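Undergrad: Here is a sequence together with a model predicted from it:
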Amino acid sequence: MSDTPNRYSHMAGNQYAKKHDRPANDSLSLRCNENDKYRWKLEAERAGKSLNGWVIEKLNLSIDRVT
């Protein structure tokens, strides 16, 4: 058995975020460890946003930097 996780393993902090202008079936699943989840929640609270809204905003900023 391998020590490396496979794509079916369940990691802590499975988060789902969806864009509100998209159909409900267009969603994104993010996996993170507990430390990241806690840090992200704190940053979202400080920004006055929900965790999903904060993640979507960060992803959109990342996409804008690439394109």
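TA: Nice, thanks for sending it over. Residues are numbered from 1 along each chain as shown.
Undergrad: Buried ones in the longest helix along the chain, by neighbour count?
TA: As assigned by DSSP state H, the longest helix anywhere in the chain is helix 51-66. For helix 51-66, burial by neighbour count (16 or more other Cβ atoms under 10 Å) applies to 51-52, 54-56. Every C-beta, even on glycine, is put in place using the N, C-alpha and C of the backbone.
Undergrad: any weak-confidence spans in the chain?
TA: 1-28, 66-67 (pLDDT under 70).
Undergrad: go with 80
TA: 1-32, 63-67 (pLDDT under 80).
Undergrad: Now for the buried residues of helix 51-66: which two are most distant?
TA: Farthest apart among the buried residues of helix 51-66 by Cβ to Cβ are Leu51 and Ile56. That separation is 9.7 Å.
Undergrad: all helices for the protein, in order.
TA: 34-46, 51-66.
Undergrad: which strands and helices sit next to the first one?
TA: The helices and strands touching helix 34-46, judged by 3 or more Cβ pairs under 8 Å, 6 or more residues apart in numbering; DSSP states H and E, are helix 51-66.
Undergrad: would you put the C-alpha positions of the helix it packs on in PDB?
TA: Extracted C-alpha coordinates of helix 51-66, given in PDB (Å, rounded to 0.1, in the frame of the first residue of the first chain):
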ATOM      1  CA  LEU A  51     -16.000  31.200   3.300                       C
ATOM      2  CA  ASN A  52     -17.400  30.300  -0.100                       C
ATOM      3  CA  GLY A  53     -17.500  34.000  -1.200                       C
ATOM      4  CA  TRP A  54     -13.900  34.500   0.000                       C
ATOM      5  CA  VAL A  55     -12.700  31.400  -1.900                       C
ATOM      6  CA  ILE A  56     -14.500  32.400  -5.100                       C
ATOM      7  CA  GLU A  57     -13.000  35.900  -4.800                       C
ATOM      8  CA  LYS A  58      -9.500  34.500  -4.400                       C
ATOM      9  CA  LEU A  59      -9.900  32.100  -7.300                       C
ATOM     10  CA  ASN A  60     -11.100  34.900  -9.500                       C
ATOM     11  CA  LEU A  61      -8.100  37.100  -8.600                       C
ATOM     12  CA  SER A  62      -5.800  34.100  -9.400                       C
ATOM     13  CA  ILE A  63      -7.500  33.600 -12.800                       C
ATOM     14  CA  ASP A  64      -7.200  37.300 -13.600                       C
ATOM     15  CA  ARG A  65      -3.500  37.200 -12.900                       C
ATOM     16  CA  VAL A  66      -3.000  34.300 -15.300                       C
END
